[in-house]
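Enquirer: My questions concern the predicted model and sequence given below.
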Amino acid sequence: MAKAKSVFACQNCGSQSPKWLGKCPDCNQWNTYAEEHFEKTTSARGELSLGSREEPTSIGDIDMAEEGRVQSGIGEFDRVLGGGLVPGSVILIGGDPGIGKSTLLLQAVAAVSQRGLTCLYVSGEESQRQIKMRAERLGVDSPKLLVLSETSLERILEHVKKIKPGLLVIDSVQTMFTSTIPSAPGSIAQVRETSGSIIVLAKKTGLTTFLIGHVTKDGAIAGPRLLEHMVDTVLYFEGERGHSFRILRAVKNRFGSTNEIGVFEMKEAGLAEVSNPSEIFLMERPLQVPGSAVVCSIEGTRPILVELQALVCRSFLAVPRRTTIGVDHNRVALLVAVLEKKMGAKLFDQDIFVNVAGGVHVDEPAVDLGVIAAIASSSREAALDPKTVFFGEVGLAGEVRGIAQAETRVKEAGKLGFERCILPASNVAQLKHINYPKLAAVSSIQDCWKLLF
């Protein structure tokens, strides 16, 4: 019998050491090292070695099986995945506790099962009755949807070989364990071994697999960083506690774009798709109020209009505050400096707060002009025209630079009833064929200042 060995592993990043350390040298976290025992035995993954009986083949001779994507029936979900589920792909989804990860996947597998595909939902956190209670609340009832409450990897693999489903959901990967490793479930070794075995199974059999992962207090998926490298797609389910909207965002996708987002609204009957996010985000926008500006941001191929709110007030601190939510803090500080230098705005003794309404995060330079307009509006106590949309990148010299996909943004603004778009002059020359909304060209923030005030 092989001699059991022990090693100390960081539970945050997976770094290993022969002795206990108070601080991890890789991720600089304190008190994260825990002792793990292991033996040199044949693991469950060894029986499923990926491509163990295949020979090296010329890339031109490899036969491509024409397998199309499987539509889940949830448009926002398919959009983020790149158009649907790819057979044999492994998708890791993470998010804060209670954000709706299990609800989203239960609705997705139910929609897939209604199309005739057998789906297996494995939960290591809930019993079958608890899943049934949630399914009744969501209105889910399909004979092709099979539910299993199990944490043993070996038993799960047995059921998969027996049932041969087309879609597998593991909720969650931190609760699974294999008997070949004596470590506790949720440890670095268990997460790495169980997820590796499931990924090899998916690649060999063409089984589409979803792995739900817990997140740390920093918002990253718990467990070794290697897990995100092993899977094909990594999704994050985001949302604010005070808002009913949820955003599904891809940070890695081997079969599609990572710029797409899916917007959902949490209701009593589960998650509902938001097909027109712009209309939802602008629904409660106050009119004729200083500090409010509407900007258009591009998320993948989708234009989204959101409200930027700015509040400028006198500061009684030695160093005035610059607080931002939903936009880059450094970018706002840069734009404030441009306003002071080029327009003579006295903001050095003012607290400035910038917020994106609705809990959305916009990080592209095209919203620069909207940020400047909102800050200037609040500073001068002058309301902006509620029927005007801003987009354009602002440079350090005060110039307004051209942006990408200007026509898509203008058409989205016109669709929602906005009458004027203030945009870079270099983009207006390419949009002469558009009659509505009215296009106002600016080449510097001085031009924008004259139009607004």
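Expert: Alright, I've got the coordinates. Residues are numbered from 1 along each chain as shown.

Enquirer: Spell out the residue ranges of the strands in the stretch 101-250 of the chain.
Expert: Assigned strands in the stretch 101-250 of the chain, in chain order: 119-123, 145-149, 167-171, 208-213, 233-239, 245-253 (criterion: DSSP state E, counting those that start in this stretch).

Enquirer: can you redo those strands as CSV with mean neighbour count?
Expert: Using the backbone N, CA and C atoms, a C-beta is placed for each residue, glycine as well. CSV is the format used below for the strands of the stretch 101-250 of the chain (neighbours: other CB atoms under 10 Å):
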stretch, mean neighbour count
strand 119-123, 24
strand 145-149, 19
strand 167-171, 25
strand 208-213, 26
strand 233-239, 22
strand 245-253, 20
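
Enquirer: so can I have CSV of those strands showing distance to L451 and mean pLDDT?
Expert: Output for those, formatted as CSV (distance: least, CB to CB, whole Å; pLDDT from 0 to 100):
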stretch, distance to L451, mean pLDDT
strand 119-123, 56, 95
strand 145-149, 57, 94
strand 167-171, 53, 94
strand 208-213, 49, 93
strand 233-239, 35, 89
strand 245-253, 32, 88
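
Enquirer: possible to save these as TSV with distance to Y33?
Expert: As requested, these are exported to TSV (distance: least, CB to CB, whole Å):
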stretch	distance to Y33
strand 119-123	30
strand 145-149	32
strand 167-171	27
strand 208-213	21
strand 233-239	26
strand 245-253	27
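
Enquirer: Looking at the ones you listed, which is nearest to K438?
Expert: strand 245-253 (30.9 Å; CB to CB).

Enquirer: Follow the chain on from the closest one and name the next helix or strand.
Expert: Per DSSP states H and E, the first helix or strand lying C-terminal to strand 245-253 is strand 261-267.

Enquirer: Residues in contact with that next one: which ones?
Expert: 76-77, 79-80, 100, 104, 239, 244-249, 271-274, 277, 280, 299-300, 302 (CB atoms under 8 Å, 6 or more residues apart in numbering).

Enquirer: List only buried entries from those residues.
Expert: 76-77, 79-80, 100, 104, 239, 245-249, 271, 274, 277, 280, 299-300, 302 (16 or more other CB atoms under 10 Å).

Enquirer: how big is the angle separating the longest strand along the chain from strand 261-267?
Expert: Assignment by DSSP state E gives strand 302-314 as the longest strand of the chain. Relative orientation of strand 302-314 and strand 261-267, computed by axes from the mean of the first three to the mean of the last three CA atoms, to 10 degrees: 70 degrees.

Enquirer: Backbone dihedrals for L85, please?
Expert: phi -90, psi 130 (degrees, to the nearest 10).

Enquirer: which ones are touching it?
Expert: L85 sits next to 69-72, 78, 112, 167, 208 when contact means CB under 8 Å, 6+ apart.

Enquirer: now do 6 Å
Expert: 70, 208 (CB atoms under 6 Å, 6 or more residues apart in numbering).

Enquirer: cool, and I375?
Expert: A310.

Enquirer: so it sits in a helix?
Expert: Yes - under DSSP: H, G, I helix; E, B strand; the rest coil, I375 falls within a helix.

Enquirer: Relative to K19, how far out is it?
Expert: 54 Å (CB to CB, to the nearest Å).

Enquirer: Walking through the stretch 51-200 of the chain, point out its helices one by one.
Expert: For the stretch 51-200 of the chain, the helices defined by DSSP state H, counting those that start in this stretch occupy 75-81, 101-113, 128-138, 153-163, 188-205.

Enquirer: Report the buried residues of the longest one.
Expert: For helix 188-205, a neighbour-count test (16+ other CB under 10 Å) marks 188-203, 205 as buried.
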